[in-house]
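[1] Let's see this in three dimensions:
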Amino acid sequence: MAQQGATLQSYNNELVKCLEDLKKKREEVHTQILAEEEEKLKIQNDLHILTERLARVTESLNKKISIRNEYDRTISETESAYMKILDSSQSLLQVLKRDSVALEER
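    Numbering: from 1, shown residues only. The predicted structure is shown next:
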C-alpha cells in the first residue's frame, strides 16, 4: 500500500508541476496579448492621424491642381489673344506700308 501511496504522490507532484507550467505559459501569452493590444491601439491611433493628414493633403492638392488649371487656361487664352494682336499688327503694318507707297506714287 505504501508503494501505491508513493506512486500516487509522484503523480500528484507531476500534475501540480504540469499545472504550474501551464499557468506560467498562460501568463506569458497573456503578457504578449497585452503588449499586442497596446501596439494595436497605437497603430490605430497612428492610422487615424495619417488618414486625417492624407485627407488634408488631398484637399490641398486638389485646390492647387484647380488653381494651376486656371492658370493654364488664362495663359492659353492670353497667348491666343496676343497672337491675334500680333497678326492684326502685322496686317495693319502691311496696309500702312502699301498705303504709304501708294501715296508716294501720287
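[2] Output the below-cut-off pLDDT ranges for this structure.
    For the chain, not a single residue meets the criterion pLDDT under 70.
[3] helix or strand for the residue nearest the centre of the chain, which one?
    Among the residues of the chain, the smallest C-alpha distance to the mean C-alpha position (C-alpha atoms, centre = their mean) belongs to L54, namely 4.8 Å. Applying DSSP states H and E as the criterion places L54 in helix 2-105.
[4] and that helix, how far out from the chain's middle?
    The gap between the average C-alpha position of helix 2-105 and the chain average comes to 0 Å, counting by C-alpha atoms, centre = their mean, to the nearest Å.
[5] What's the local residue count around I85?
    10 (other C-beta atoms under 10 Å). (C-beta placed from N, C-alpha, C; glycine too.)
[6] and what of the one 3 residues further on?
    The local packing count at S88 equals 10, with neighbours defined by other C-beta under 10 Å.
[7] again, but for the one 10 residues further on
    Other residues near R98 number 10, with proximity taken as other C-beta under 10 Å.
[8] Equivalent analysis for R106, please.
    4.
[9] ok, so what distance separates it from R98?
    13 Å (C-beta to C-beta, to the nearest Å).
[10] got it, and L86?
    In this structure, L86 and R98 are 19 Å apart, going by C-beta to C-beta.
[11] what does S76 give?
    Looking at S76 against R98, where the rule is C-beta to C-beta, the gap reads 33 Å.
[12] just E105 next, same as before
    Plainly put, E105 is 11 Å away from R98 if you go by C-beta to C-beta.
[13] and if you look at K17?
    As for K17, its distance to R98 is 118 Å (criterion: C-beta to C-beta).
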